[in-house]
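Undergrad: this one's sequence-less:
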């Protein structure tokens, strides 16, 4: 990284790797890049950007590139393949698909997209909380079964939400919940207080928090510490009739235990935006679980603004890179997020 904001004579080489198999939502097209350059002319004049597809020009370009923006990459012999690489930006919030990070060359910074999803995430959280409060998963199950069964609910204000993982996405959900009049409990590794969270706890107090909550939202990344963290024991600790939302990663929840809890009626309903695996196979038993609504990992993605916001974050960090300042959204390889 340039030190002390020293003026460079050469342009910074940026390689953007698109996936042909990926959704258009996540692609950097020439048109999207040109728009970003117009929004950030001070940075655009100091960088030279190559948009690539899959590995078409990867090895050739990476011999010069300092910055790589991608979802995934070939990690073997990266130091040799990319001798000038100093920074990799991942176009998603989760980076578990690249773990473990023993491939990351020393001196290369890894960043992610955490935070660009906040407004869309907050809207989804508001929708999901209202759906659970008004028993929509059960009503949808009844509809599929041709069953007319009046189910009543009380106003959501004054009820308790537990946010498991209070990062940027979790914070956005907490903010929306407070606007809806909920009491918000949070769990984060550090235990540090956060705005919009009435009481913060550490992960070793998870069971206590689950027992108090009417609704639980999972926002944690997938790491060895979070895989399977919501299992049979934790689900049994939740209030009878409570609702569960997973916006983090599918393997954080034991789906067999969740299925049993929904089948027994202990949980009132669940909304999963993430599953394991993804896409969820057509023959997965989860499709037929009662009182469960599944959305295909779209809670935080926006087909209009996702790519522009990603590029704005990239250019903002390029500005910091040029000035020799710490980059936003740095990933800690040891923690995995």
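TA: Yes, it's here. It should be emphasised that the depicted structure is a prediction, and the values quoted were computed from it without experimental measurement.
Undergrad: so the spatially closest residue to residue 134 that is not a sequence neighbour is in which element?
TA: Using CB to CB, 6 or more residues apart in numbering and skipping the chain neighbours, the partner closest in space to residue 134 is residue 153 (4.9 Å). All C-beta atoms are positioned from the backbone trio N, CA, C, and that covers glycine. Assigned by DSSP states H and E, residue 153 falls within no helix or strand.
Undergrad: Now do the buried residues in stretch 182-191.
TA: Buried residues in stretch 182-191, defined by neighbour count with 16 or more other CB atoms under 10 Å: 182-189.
Undergrad: could you pull out the helices for the stretch 101-250 of the chain?
TA: Using DSSP state H, counting those that start in this stretch, the helices of the stretch 101-250 of the chain run over residues 118-133, 136-144, 168-179, 206-212, 232-237.
Undergrad: just the ones you listed: most buried one?
TA: Among the helices of the stretch 101-250 of the chain, helix 168-179 has the highest mean neighbour count (mean count of other CB atoms under 10 Å), at a mean of 22.
Undergrad: what sits against the nearest residue to residue 85 once chain neighbours are set aside?
TA: Distances taken as CB to CB, 6+ apart place residue 108 nearest to residue 85, at 5.7 Å, with adjacent residues excluded. Contacts were defined as CB atoms under 8 Å, 6 or more residues apart in numbering; by that measure residue 108 touches 85-88.
Undergrad: Excluding chain neighbours, what is closest to residue 279?
TA: Here the residue nearest residue 279, using CB to CB, 6+ apart, is residue 296, at 6.8 Å.
Undergrad: hmm, I was thinking of residue 174
TA: Nearest one to residue 174, counting by CB to CB, 6+ apart, is residue 196 at 4.0 Å.
Undergrad: Please name the residues that touch the residue nearest the centre of the chain.
TA: For the chain, the residue sitting closest to the mean C-alpha position, by CA atoms, centre = their mean, is residue 93 at 4.3 Å. Residue 93 sits next to 112-115, 117, 168-169, 221, 300 when contact means CB under 8 Å, 6+ apart.
Undergrad: Which of the helices or strands spans it?
TA: Residue 93 belongs to no helix or strand, assigned by DSSP H and E.
Undergrad: try residue 259
TA: Assigned by DSSP H and E, residue 259 falls in helix 255-264.
Undergrad: Show me what counts as buried in that helix.
TA: 255, 257-262.
Undergrad: got it, and stretch 28-42?
TA: Under 16+ other CB under 10 Å, the buried positions of stretch 28-42 are 28, 32-33, 36-37, 40.
Undergrad: The residues you listed in strands, which ones?
TA: Using DSSP state E, no member of those falls within strands.
Undergrad: In JSON lines: the residues you listed, plus pLDDT and distance to residue 308.
TA: Formatted as JSON lines, these follow (pLDDT from 0 to 100; distance: CB to CB, whole Å):
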{"residue": "28", "pLDDT": "97", "distance to residue 308": "10"}
{"residue": "32", "pLDDT": "98", "distance to residue 308": "6"}
{"residue": "33", "pLDDT": "98", "distance to residue 308": "10"}
{"residue": "36", "pLDDT": "98", "distance to residue 308": "7"}
{"residue": "37", "pLDDT": "98", "distance to residue 308": "12"}
{"residue": "40", "pLDDT": "98", "distance to residue 308": "11"}
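Undergrad: mind checking how far residue 170 is from residue 228?
TA: 19 Å (CB to CB, to the nearest Å).
Undergrad: any idea how far residue 301 lies from residue 100?
TA: Using CB to CB, residue 301 is found at 27 Å from residue 100.
Undergrad: And residue 272, by the same measure?
TA: 27 Å.
Undergrad: who's more crowded, those two?
TA: For residue 272 versus residue 100, neighbours defined as other CB atoms under 10 Å are more numerous around residue 272 (25 against 11).
Undergrad: any idea of the pLDDT on that one?
TA: What the model reports as pLDDT for residue 272 is 98.
Undergrad: The longest helix along the chain vs helix 118-133, what angle?
TA: In the chain, assigned by DSSP state H, the helix with the most residues is helix 306-323. In terms of direction (axes from the mean of the first three to the mean of the last three CA atoms, to 10 degrees), helix 306-323 departs from helix 118-133 by 140 degrees.
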